[in-house]
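Chemist: After the sequence you'll find the predicted model.
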Amino acid sequence: LPQNRDVFMTCGGNGSLELWKYAYPAARRVKDRDGHEKGVLGSVSKLQKTTISTQPISSFDWSADKEGLCVMGVLDQTFRVALVTKLSKV
C-alpha cells in the first residue's frame, strides 16, 4: 500500500486475496553469545482473506492517489477494480 508500507496484499493461485500487516520487533538487532549483532525479524498478521475469482490473479496494483483503490488482472481474461475500506484503522 503506497500510503502505508506495513500493509500489503498477496494473490493466491485460487483467485484469493489476502491482506497482511507487518509489525516491527521491539529491538531491530540483538547480540548473540559471541557478541555479533544479528537482525531480528518482525511478525506478519493476516487482516482479511477473500476469494475474488475461480481463476488465479496474475497481477495486482494499488493506486498511488486513492488509499485502498486497487486493480487486478485475472486469468479468466478480466480485470477487476476493488476498494479496500477501513485501512486507516489498521
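Modeler: Ah, there it is.
Chemist: For the rest of this, base every contact and every neighbour count on C-alpha atoms.
Modeler: Will do.
Chemist: Run through the bridge partners of the residue nearest the centre of the chain.
Modeler: Central residue of the chain (C-alpha atoms, centre = their mean): Phe8, 1.8 Å from the mean position. For Phe8, the beta-bridge partners are Trp20 (DSSP bridges).
Chemist: Make 20 the first number, not 1, from now on.
Modeler: With the count now opening at 20, the last piece we talked about shows up as Phe27.
Chemist: Next one: it from Thr70, what distance?
Modeler: Noted for Phe27: a distance of 16 Å to Thr70, by C-alpha to C-alpha, to the nearest Å.
Chemist: try Cys89
Modeler: Taking C-alpha to C-alpha, one finds Cys89 at 15 Å from Thr70.
Chemist: So which of these two has more stuff around it?
Modeler: Higher neighbour count among Cys89 and Thr70: Cys89, with 17 against 13, using other C-alpha atoms under 10 Å.
Chemist: what helix or strand does the residue nearest to Cys30 when sequence neighbours are not counted sit in?
Modeler: Using C-alpha to C-alpha, 6 or more residues apart in numbering and skipping the chain neighbours, the partner closest in space to Cys30 is Leu36 (4.8 Å). In this assignment (DSSP states H and E), Leu36 forms part of strand 35-42.
Chemist: For that strand, the averaged confidence score.
Modeler: Averaging pLDDT along strand 35-42 yields 94.
Chemist: which helices and strands sit right next to that strand?
Modeler: Helices and strands touching strand 35-42, by 3 or more C-alpha pairs under 8 Å, 6 or more residues apart in numbering; DSSP states H and E, are strand 26-30, strand 62-70.
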